[in-house]
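1. return a 3D structure for these sequence lines:
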Amino acid sequence: MSAPAKTLNPKVVGISIAAAVGGFLFGFDTSVINGAVGALSAEFSLGAGLTGFAVSSASLGRAVGAWFAGSLANRFGRIPVMVIAAILFFVSAIGSGLAVGVWDLIAWRVVGGLGVGAASVIAPAYIAEVAPARYRGRLGSLQRLAIVLGIFVALLSNAVIANTAGGAAESYWFGVAAWRWMFMIEAVPATVYGVMALFLPESPRYLIGKGERDKASKVLYDFTGELDVNLKIEQIRRSLEREQKESLRDLLGGRFGLAADRVARDRAVAVPAARGNQRDLLLLHHPVAVGRLRRVAGAADLHHHLGDEHRRHDHRDPAGGPGGSPRHACSSARRA
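-> A predicted model of the protein is given here:
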């Protein structure tokens, strides 16, 4: 095992906060439309159904963004995906604020949803990859904190803009309706996120996967505080070799992805039961089955079950009776 960092490097806290700004935009983009629902519904003369679809349309983009973010990050790096997400947030903010119709607005909201989906995947993954193991949990929680903070700031800014203008449908700065400014104000944190992402170090895991060991060593030493950088690189390299390429087949396990796949079901765990020179083999199915048995019966019951199996094999009838060993039976027959 690599030697863990004894103290938390302030640099890794800084880059974790910068990455968590994506979570802030996640929460902001998700909630900002709440203050504009009534005004945009009146602006575009929408019914209840179309209003609801306009509000929830960003979810379509979130699903697509989350699906492709991981593959893009593995191919191009974590930082470029963060920058792309920031651009999507910025474009969505301006486009939604200047929308000329409901379908126009829906399209821009879907664009913002792409950014939300990408940020929801890449930010926690990046933080986990750059944070020291002993501090990974608390630094990873910055993402959740940022999401909640983004929701709060979005609702607060909506209230401030609406109260200042006298209502969400009233004119605000430069004669533009207040509800439009509610969307466009998101361009500010999106710009901050994009600029901060440009100054973040690339993930050491990505760098090692691309064969850039020197850059990975520098990131690990400067930010994570690893004492044995070479050992840590070797651990990451081995973990990358064990990874399997993701595909839609991952979702199609025995029961919609909830059971082990065919290869996993064919695997077995061998538990030797030895007595003198005699060795028998007690076969248990895939470790998933053992885990389920532990959850159902408890660890104590599992050990008791294994002990019974061992004793059953150890106390065979030497004459080859019920449960007896065929080898012993043949030996008895020869003696007879």
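2. which residue packs closest to G167, ignoring adjacent ones?
-> Distances taken as Cβ to Cβ, 6 or more residues apart in numbering put A178 closest to G167, at 6.8 Å, once the chain neighbours are dropped. For every residue, glycine as well, the C-beta is placed using N, CA and C.
3. got the contact list for the one you found?
-> A39, I161, A162, T164, A165, G167, A168, A169, E170, S171, Y172 (Cβ atoms under 8 Å, 6 or more residues apart in numbering).
4. same deal with P10?
-> Applying Cβ under 8 Å, 6+ apart, no residues qualify as near P10.
5. before we move on, what about the one 5 residues further on?
-> With contacts defined as Cβ under 8 Å, 6+ apart, the neighbours of I15 are V130, L200, P201, F223.
6. what about the strands in the chain?
-> 269-275, 278-284 (DSSP state E).
7. I'd say G23 and Q143 touch.
-> Yes. If you go by Cβ atoms under 8 Å, G23 and Q143 touch, sitting 4.3 Å apart.
8. so what's in contact with these two at the same time?
-> Both G23 and Q143 are in contact with A123, P124, where contact means Cβ under 8 Å, 6+ apart.
9. and P132, how close does it get to M182?
-> According to Cβ to Cβ, to the nearest Å, P132 and M182 sit 40 Å apart.
10. looking at the two, which is more packed in?
-> M182 (28 against 20; other Cβ atoms under 10 Å).
11. make sure the more buried one is actually in contact with A36.
-> Yes. At 5.0 Å, M182 and A36 qualify as touching, with contact defined as Cβ under 8 Å.
12. okay, and the common contacts of these two?
-> N158, A168.
13. where does the chain have low pLDDT?
-> For the chain, the stretches with pLDDT under 70 are 1-7, 225, 243-336.
14. got the buried residues for stretch 150-168?
-> By neighbour count with 16 or more other Cβ atoms under 10 Å, stretch 150-168 contains the buried residues G150, I151, V153, A154, L155, S157, N158, I161, A162, A165, A168.
15. give the contact list for E170.
-> Contacts for E170 (Cβ under 8 Å, 6+ apart) come out as A177, A178.
16. quick check, nearest of the buried residues of stretch 150-168 to W103?
-> The nearest member of the buried residues of stretch 150-168 to W103, counting by Cβ to Cβ, is A168 at 20.8 Å.
17. I figured that closest one hits W181, correct?
-> No. Applying Cβ under 8 Å, one finds A168 not in contact with W181, separated by 9.5 Å.
18. list residues touching both of those two?
-> Common neighbours of A168 and W181 (Cβ under 8 Å, 6+ apart) are I161.
19. which non-adjacent residue is nearest R180?
-> G97 (4.3 Å).
20. from G112, how far out is the one you found?
-> 11 Å.
21. which of those two has more neighbours?
-> Using other Cβ under 10 Å as the criterion, G97 and G112 rank with G112 on top: 32 against 21.
22. how about the more buried one: what's its closest non-neighbour residue?
-> S92 (3.0 Å).
23. what do you get for M184?
-> G97 (3.5 Å).
24. ok, the one you found touching W181?
-> Yes. Checked against Cβ under 8 Å, the pair G97 and W181 is within contact range at 6.7 Å.
25. okay, now A119: neighbour count?
-> Number of residues near A119 (other Cβ under 10 Å) recorded here: 33.
26. separation between the residue nearest to G112 and S203?
-> On the measure of Cβ to Cβ, S92 and S203 end up 26 Å apart.
27. of the two, who's got more company?
-> S92 (28 against 23).
28. which residues does that one contact?
-> D29, W108, R109, V111, G112, G113, G115, E186 are the contacts of S92 under Cβ under 8 Å, 6+ apart.
29. pretty sure the first one contacts L114?
-> No. When contacts are counted by Cβ under 8 Å, D29 is not listed as touching L114 (10.4 Å).
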